[in-house]
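Undergrad: have a look at this prediction, sequence included:
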Amino acid sequence: MEFIIISTLNGVIYGLLLFMVSAGLTLIFGMMGILNFAHASFYMLGAYVGYTLSALVDFWVGLIVAPLLVGAVGILVERYMLRRVHSFGHAHELLLTFGLALIFEELIKLFFGDFPVNYRMPEELHFAAFTVFGTDYPFYRLFIGVVAVIMFVALFVLLARTRIGIVVRAAERLPKMAESLGHNIPLVFMGVFGVGAALAGLAGAVAGAYFPTNPNMALELGVIVFVVVVVGGLGSLKGSLVASLMIGLFSSFSIGLDWSLASLLSLIGLGDWAESVGGLLTMTISSISGTIPFLLMLIVLLVRPAGLMGDRN
Amino acid sequence: MKTPLIIAAVLAVLAGLPPFLDLGLQNALVNVLIASLFALAFNLLVGQAGLLSFGHAAYFGVGAFATLHLMRVVEDGLGFPTPLLPLAGALTGLVVGAIAGFFATMRSGVYFALVTLAIAELFHALAPRWQGLFGGEAGLSSMRMPWQGITFGSTLEVYYLALGWVVLSICLLWAYTRTPFGRLTLALRDNEQRVRFLGYDAHATKVIVFAISAMFSGIAGSLQAMSNEVANYSLFSSHVSAEVVLYAFVGGSTVFFGPLLGAAIFTLFAYLISDLTRSWLLYQGLIFVLVMLYAPTGIGGVVQYHARHWPRLDWSRLTGPYALGGLGGVLVAGAAVFLTETLSVLFDEPYAVARRDAGGGYPPFEAFGTAWDPLSVLTWLVPVALFAAGLFVLARARRTIAEEWDAIRSDPAAEAAGDAAGEATR
């Protein structure tokens, strides 16, 4: 019981964090058709901006400045780089963002060194929210979740209930038509890219203070975020929320399970045989928990490439 | 044609020079050979079939592990000839590639890239846990066994073994592009739908291309395993997949020998300047992004473009602007290098210690053989001046070069001749 409750809490909050990063990625893909390899780098940049400002000024200042700064970086990338290679085709856009991800990683190593930095949450947030089964549950985890929920609601209202949202959705569905009606589509694209980057930056500034902040964080989270947007359906915001929660729960539960294929086979009397074969059959779920998201992504890509909620291939 | 002459000259140098080089350089050349083969194998997929894979480390890795397993058996007394060990990598690469390719090529575009990425990540996540097959986190190691009086103990012997395999593989890859099936691969890239209407099975074709590409990647991995005598799960990491993408696109994926060029330049550079700087990967990334922005066909593409228009190029008019452009490039690169290296000194641990010793001030630092004052305007004027001058020169050179090329292209006779030459070189 304890395992289930703690794992659910951790899983939901990790999922919400994944959602914060993947929301921008899926919006950008849905609109511009670009799979942005540098998106997780924006998350990392956010964490490092947050770290620098929390050391120099204050945690809360970092929390506000990080998304703005990272959003500005995103706008520059879109305006002066992506737009330039657009005419060379999607493959080049993909490769460009891929190169940018490498550069961001190396720049971070240049300034901050190739090791984790000590980015800490402020003292006023460092307390236990409640106690379950004798262990304190840190308030900061809930804080991460709350920020993500606020973000989702704000994004949803913006897209579904405002004039800007209508233009953005029109630009996504029929860019040529929206442009003929007098809307500045390149500006909309730039704005969406900037907002997407800013959201990733905010996620980095919030989560970096709890999870480790190091030059590998972009790479580690980046692949998982790809899994999320693929499983949720490229371009679907709701899909990526569902997929984020799913992946979050999967990974928090799988860490604690020491089932293996052998224990499954022993139910039908083949346990000893499986033990003697070894290899894949005796690996516990907890030890290969890292592979589960990729298996899931492969299955979705091969069976239903549109994802859970995407409506196109 | 001059091309056979150039190839013969390169081969002669590769065969004759290494005995006179020091051990480090010999080792670097082995790595150049392996990287070249890997890049060409990768490019069979991306350049010829138009399928962008982000997970080629998987096939490089399985080739390496298969070879190490075979080497261990040979160590225990199996009489398998050492020079033929890469066959294990080739076979494993082919089989794993055929299976992975069957699934990956069910999708195209971004989705194909994601499937290949996921497959490589699966290997990367599984390998450190799988003791029997991949040796766990420590990996596998073995020794090269002597064969027919050849000990394979020295780097030079490994070099010649690698050279033989790489030249043979490149010849096969080149021959492949000349076969009807190789032409079909190109057609698949240009218009898949038409290929299907012509009655070909597009999926089967793609699977075969994928498997062949994986097979040659497996040979490259195999040579790596033989050269290092160890392999661990880091062979599957996304860095390996990333490197080969960089090689192929900086070298030029539209030209057959382009990726080879990229691999050779990057690998040699990495060796030559790795003692001088820790920021090589940053420079590598910057070069890649600049190529993507300003020369999307890569170095090979630029060279090919010139070769195609060769008869009409008036070098008495072009040399000046090109030299000017080169100067601008050197100035801008100088500014970037100065900035990177000073920053890497200023943000490094030793400088923090020096600051503490100096009581929190900013003591002068050492870079490029002299001492610099971090608080002096003069220090920071160096990169700014270099950058501004470089940009100015580059802008001027670019204008004149563009004018010259407009003149070359607008000449209808030149265009016809260029096209004919282009067709002939394809």
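TA: Ah, there it is.

Undergrad: just so I have it, where are all the strands in the chain?
TA: If you meant another chain, say so; for now it's chain A. In chain A, the segments counted as strands under DSSP state E are A:128-132, A:135-138.

Undergrad: sorry, should have said chain B
TA: So, for chain B - with DSSP E - the strands run B:140-141, B:230-231, B:365-367, B:370-372.

Undergrad: returning to that earlier point: please identify which of the strands of chain A is closest to chain B.
TA: strand A:135-138 (27.8 Å; CB to the nearest CB). In short, each C-beta sits where N, CA and C put it, glycine included.

Undergrad: let me see the mean pLDDT of the closest one.
TA: On average, the pLDDT along strand A:135-138 is 75.

Undergrad: got the CA positions of it in CSV?
TA: Provided in CSV are the C-alpha atoms of strand A:135-138 (Å, rounded to 0.1, in the frame of the first residue of the first chain):
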residue,chain,number,x,y,z
THR,A,135,8.0,9.3,5.8
ASP,A,136,7.8,13.0,5.1
TYR,A,137,6.7,13.9,1.6
PRO,A,138,8.6,17.0,0.4
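
Undergrad: what residues does the stretch 301-426 of chain B have near chain A?
TA: B:340, B:343-344, B:347-349 (CB under 8 Å from any CB of the partner chain).

Undergrad: quick one: buried ones out of those?
TA: Neighbour-count burial (16 or more other CB atoms under 10 Å in any protein chain shown) is assigned, among these, to B:340, B:344.

Undergrad: and the residues of the stretch 301-426 of chain B next to chain A, which is closest to A:Ala203?
TA: B:Phe347 (25.2 Å; CB to CB).

Undergrad: quick check: closest non-adjacent residue to the closest one.
TA: A:Phe111 (5.1 Å; CB to CB, 6 or more residues apart in numbering or on different chains).

Undergrad: likewise for A:Phe250?
TA: Distances taken as CB to CB, 6+ apart place A:Ile292 nearest to A:Phe250, at 5.7 Å, with adjacent residues excluded.

Undergrad: so the one you found makes contact with A:Ser254?
TA: Yes: using CB atoms under 8 Å, A:Ile292 is in contact with A:Ser254, at 5.6 Å.

Undergrad: neighbour count for these two, which is higher?
TA: A:Ser254 (21 against 18; other CB atoms under 10 Å in any protein chain shown).

Undergrad: what's the spacing between that one and A:Leu308?
TA: Distance, A:Ser254 to A:Leu308, using CB to CB, to the nearest Å: 19 Å.

Undergrad: and if you look at A:Trp60?
TA: 36 Å.

Undergrad: between these two, which one's more packed in?
TA: A:Leu308 (17 against 13).

Undergrad: quick one: is stretch A:114-122 near chain B?
TA: No: judged by CB under 8 Å from any CB, stretch A:114-122 and chain B are separated, with a smallest distance of 9.0 Å.

Undergrad: mind exporting that stretch as CSV, just the C-alpha atoms?
TA: Included here for stretch A:114-122 are C-alpha records, laid out as CSV according to Å, rounded to 0.1, in the frame of the first residue of the first chain:
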residue,chain,number,x,y,z
ASP,A,114,31.1,18.7,-16.6
PHE,A,115,29.6,17.9,-13.3
PRO,A,116,26.4,18.6,-11.4
VAL,A,117,25.9,22.1,-9.9
ASN,A,118,24.4,22.7,-6.5
TYR,A,119,21.1,24.2,-7.5
ARG,A,120,18.9,24.2,-4.4
MET,A,121,15.3,25.1,-3.6
PRO,A,122,14.8,28.1,-1.3
